[in-house]
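**Q** Generate coordinates for the sequence data below:
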Amino acid sequence: MRNPTHRSGRRPRTRRPLTLAALPAALLALLCAGPAPGATAPGAGSPARADVARDADARPGVHPAGHPGAVRSPGRARARTFDVAPARAALQRLLPRHWGQFTLVPDTTADADTFTVSGTTGAITVRGSTGATLLAGVGWYLQHVAGVDIGWPGDSIGMLPGRLPAVPAPVTRGAQVPHRYALNDTDDGYSGPYRSFEEHRRQIDLMALHGINEVFVQVGAEYPYHRALQGFGYSAEELRRWIPGPGHQSWWLLQNLSDFGGPVTERLMRERAELGGRIAEQLRGLGMTPVLPGYFGTVPPGFAARNPGAVTVAQGDWAGFDRPDWLDPASPVFGRLAAAYYAEQRAVFGDSAMYRMSPLHEGGRTGSVDVGAAARAIQGALHAAHPGALWAVLGWQDDPTAELLAGVDTSKLLILDGLSDRYNRLDRESRWGGAPYAMGTIYNFGGHTTVGANSSVWIERFGPWRDKANSALAGIAYLPEATGTNPAAFDLFTDLAWERGPIDQRAWFADFAARRYGRPDAEAAAAWEELRKGPYSTSSGLWSESQDSLFTARPSLTAAGAAYWSPRSMRYPAGSVRRALDHLLKVDPALRGSSAYRFDLVDTARQALANHSRVLLPKIKAAYEAEDLTRFRALTAEWQEGMRMLDAVTGSDPAFLLGTWLSGARSWGADRAEQDRYEYDARSLLSVWGRRDTSEGGFLHDYANREWSGLISELYAPRWAAYFASLEEALVRSAAPREIDWHAFEAEWAGRTTRHPNRPNGDPYRSAAQIAATLPPAATTG
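**A** Numbering: from 1, shown residues only. Reported below is the predicted structural model:
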């Protein structure tokens, strides 16, 4: 997505490429079978897919409509009981030393998701309406009674006593909105397209702990396309070239691009399909809804020529990429292809109650297509395969349009508003005609490692928007383009859906500071108060994320940001982060051992140094323009020392390691060539993003910049060093600086296969203290 979505930082388990022998027999038979022929329009009950219904119980992840494992649609009657084993397994993973002190009890009497927490010392009882709600109750207990945090990332559970504290009096909380949705369409790309099942499961555990109940599942989404389209005139090899590498598939599903970062292999698609099915099943086990990609008409080139009666519309380009064509949903061929797609998807991922689709995303062309009729056909095809399922559509730019909304049953639609906290004077009921929507936030773009969010705007808007007359607000939508950054923002935004009254932002951050490191500390409180007043209180009007770093920007004396669509100046007083760093360094040594403290200290030191880049670069510019070679050399040496310190401090925490990102990509390759191809897919996303014309003409280079150890030392620092060398040479020779082909510089880096550590190294406290000692005092930085 262009302003158009870092990974959790956990080191993935060593994994061997999945072999066919390792697949469950039923799933193997399905994955290796030939595709359903398009002419027969196979559906859930067609002869061609009858085996799916017969073998559903034997195949992991397969749940035809009506099966006990199928996800409940909103409003459907609750089951009388449910299995708490998946929730207990998650609890054991989250609290390995204390899980046995919890008793989890199913409670399906409530109409809405509700939990009740009670208990005595060492014996805590949580009653809840789903497995995920039970975990939300555990999360509430940890925050409000035990006083510890399990964040995304970082936790302080090491501070828990041997016997958990009693609950003073039973507490019941109910969800204030039915939909608590999570994950942007771009999350799989920007958070880590090559993650393991264990990493995805950890993410699910964290979301359940924070009350989320609907989660977008993209992994393996290419598989039903690959299978279904073989029945419509395409060979398997053609489709493998058309489908992008995993790092770029998010934008293919959004109909923005194709044919980049691949070709993908049959084996990779099978493994990703199996992984996606496991993720969906993990969500179902907790009573959460796996939100699957729906079909809205994306087709490869030449579709109409191969399928008589089909009408396609060329979609033009997106940032220089050729967009896939759009098959008119009102044409008969669309119905057949949609049925084939949903049949193939059901066979591996099972059924769901919600499907994600955003036709004409970011500039798609309608041609002669009647958008209302097209939307009606898209929803009709969805309901033919999954009766009553919700269509989740992204509220972004001008979407969804009035024409689209006029063509659908909006009672079966949920708009995920990606602009709720970005602009002012928003009236969603008027704009969308009363269609249900979820208040969303995109406080992170491209996986940037910048701190901050418009959290005060969330608090100011959520309650009034929900409680006003004829409100259509029906949920929250957690939509950062990448997850695993800003744990305070994740905690606060998800709390909106569970708090009965308005949240006091200052009190909330004080409570967060008290639990984040395991017990109250005056210096921690002072640090988080500074962060609250600064990067977490930015205002709406134009932006929903903070500025990125000039250290990660393409070199220029006038650089104002790294990503083209990011803020061009500071969005808060830089002194707030600088003072927060000083306070964090004074936190009680007894509290410094947690992963939460380590992450926050590294992140704050990194941000303070990044902010200083905006002070230092104008001084370098002034020295160059004054032709003061001595001062220019001193200031550029200071800049390069700052980048060395930045690489060292980020290298001391697992959340900031390039090596983890790259080793994950290589782990999916079966041989050296395939490993190199997937590493290029992962590296290019962080740097050039695409080809020269898209990187330059589409302004995509550095869109996914982030301050990671390895990325700083191998790309950003050498890039600035080359630039400064060209300027110094120009000063010495009294000549214009030589031109540097930055795309060639970045593309050479993207093509490397150099190895980087995937484990942290160094002392985070010492590195952060060195940065604090180097930076000017806060009083002089604002």
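**Q** for this structure, longest helix please?
**A** Ranked by residue count under DSSP state H, the longest helix found in the chain is helix 595-625.
**Q** so how far is that helix from its chain's centroid?
**A** Relative to the centre of its chain, helix 595-625 is centred 25 Å away, using CA atoms, centre = their mean, to the nearest Å.
**Q** Stretch 562-571 too?
**A** 20 Å.
**Q** Pull whichever helix or strand comes after the longest helix of the chain out as CSV, backbone CA atoms only.
**A** Heading C-terminal from helix 595-625, the first helix or strand you meet, by DSSP states H and E, is helix 629-650. Provided in CSV are the C-alpha atoms of helix 629-650 (Å, rounded to 0.1, in the frame of the first residue of the first chain):
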residue,chain,number,x,y,z
LEU,A,629,36.3,21.7,4.5
THR,A,630,37.5,21.3,8.1
ARG,A,631,34.0,21.7,9.6
PHE,A,632,32.5,19.6,6.9
ARG,A,633,34.9,16.7,7.7
ALA,A,634,34.2,17.0,11.4
LEU,A,635,30.4,17.0,11.0
THR,A,636,30.3,14.1,8.5
ALA,A,637,32.6,12.1,10.8
GLU,A,638,30.0,12.8,13.6
TRP,A,639,27.3,11.6,11.3
GLN,A,640,29.1,8.4,10.4
GLU,A,641,29.9,7.8,14.1
GLY,A,642,26.2,8.2,14.8
MET,A,643,25.4,5.5,12.3
ARG,A,644,28.0,3.2,13.8
MET,A,645,26.4,3.7,17.2
LEU,A,646,23.0,3.1,15.6
ASP,A,647,24.1,-0.2,14.2
ALA,A,648,25.5,-1.2,17.5
VAL,A,649,22.5,-0.4,19.6
THR,A,650,20.0,-2.1,17.2
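**Q** Packing partners of the very next helix or strand once past helix 629-650?
**A** From helix 629-650 onward toward the C-terminus, using DSSP H and E, the following helix or strand is helix 658-666. Secondary-structure packing of helix 658-666 (3 or more CB pairs under 8 Å, 6 or more residues apart in numbering; DSSP states H and E): helix 672-686. Using the backbone N, CA and C atoms, a C-beta is placed for each residue, glycine as well.
**Q** and the helix it packs on with helix 658-666, angle?
**A** Angle, helix 672-686 to helix 658-666, by axes from the mean of the first three to the mean of the last three CA atoms, to 10 degrees: 130 degrees.
**Q** for the longest helix of the chain, packing partners?
**A** By 3+ CB pairs under 8 Å, 6+ apart, helix 595-625 packs against helix 487-495, helix 505-516, helix 522-533, helix 575-585, helix 629-650, helix 764-774.
**Q** rerun that using 6 Å as the cut-off
**A** For helix 595-625, the packing partners by 3 or more CB pairs under 6 Å, 6 or more residues apart in numbering; DSSP states H and E come out as helix 575-585, helix 629-650, helix 764-774.
**Q** now the second one, how far from the centre of its chain.
**A** Read that as helix 629-650. The answer for helix 629-650 is 32 Å, by CA atoms, centre = their mean.
**Q** average pLDDT for it?
**A** The average of the pLDDT scores along helix 629-650 is 98.
**Q** between that helix and helix 658-666, how big is the angle?
**A** Using the same axes, to 10 degrees: helix 629-650 against helix 658-666 is 60 degrees.
**Q** coming back round to it: right, so the helices and strands packed on helix 595-625: which one is the most enclosed?
**A** Of the helices and strands packed on helix 595-625, the one with the most neighbours on average (mean count of other CB atoms under 10 Å) is helix 575-585, at a mean of 24.
**Q** For that helix, list the C-alpha coordinates in PDB.
**A** Output in PDB follows, covering the C-alpha atoms of helix 575-585 (Å, rounded to 0.1, in the frame of the first residue of the first chain):
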ATOM      1  CA  GLY A 575      13.300  16.700  23.400                       C
ATOM      2  CA  SER A 576      10.500  14.400  24.600                       C
ATOM      3  CA  VAL A 577      12.300  11.300  23.300                       C
ATOM      4  CA  ARG A 578      15.700  12.600  24.400                       C
ATOM      5  CA  ARG A 579      14.500  13.100  28.000                       C
ATOM      6  CA  ALA A 580      12.700   9.700  27.900                       C
ATOM      7  CA  LEU A 581      16.100   8.100  27.100                       C
ATOM      8  CA  ASP A 582      17.700   9.800  30.100                       C
ATOM      9  CA  HIS A 583      14.900   8.600  32.400                       C
ATOM     10  CA  LEU A 584      15.000   5.000  31.100                       C
ATOM     11  CA  LEU A 585      18.800   4.800  31.800                       C
END
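**Q** Could you figure out how far that helix is turned away from helix 522-533?
**A** Using the same axes, to 10 degrees: helix 575-585 against helix 522-533 is 160 degrees.
**Q** Does anything pack onto helix 575-585? Which helices or strands?
**A** Secondary-structure packing of helix 575-585 (3+ CB pairs under 6 Å, 6+ apart): helix 522-533, helix 595-625.
**Q** Which stretches in the stretch 151-300 of the chain count as helices?
**A** Under the criterion DSSP state H, counting those that start in this stretch, helices of the stretch 151-300 of the chain are mapped to 187-191, 197-209, 222-229, 236-242, 249-253, 266-285.
**Q** Centre of the chain to the fourth one, how far?
**A** When distances are taken as CA atoms, centre = their mean, helix 236-242 is centred 27 Å away from the chain's centroid.
**Q** got it, and stretch 391-404?
**A** Chain-centre distance of stretch 391-404: 20 Å, with CA atoms, centre = their mean.
**Q** what do you get for stretch 154-163?
**A** Computed by CA atoms, centre = their mean, the chain-centroid distance of stretch 154-163 equals 27 Å.
**Q** which residues are in contact with that stretch?
**A** 98, 121, 122, 148, 149, 487, 517, 518, 594, 595, 596, 599 (CB atoms under 6 Å, 6 or more residues apart in numbering).
**Q** one step back: which parts of the longest helix of the chain are buried?
**A** Under the neighbour-count criterion of 16 or more other CB atoms under 10 Å, helix 595-625 has 595-617, 620-621, 623-624 buried.
**Q** Same check on stretch 107-118?
**A** 107, 110, 113, 114, 115, 116, 117, 118.
**Q** Check the gap between the residue nearest to the fifth one when sequence neighbours are not counted and residue 116 for me.
**A** In this case it means residue 115. Of all residues not flanking residue 115 in the chain, residue 137 sits nearest, at 3.2 Å (CB to CB, 6 or more residues apart in numbering). In this view, residue 137 and residue 116 are 7 Å apart by CB to CB, to the nearest Å.
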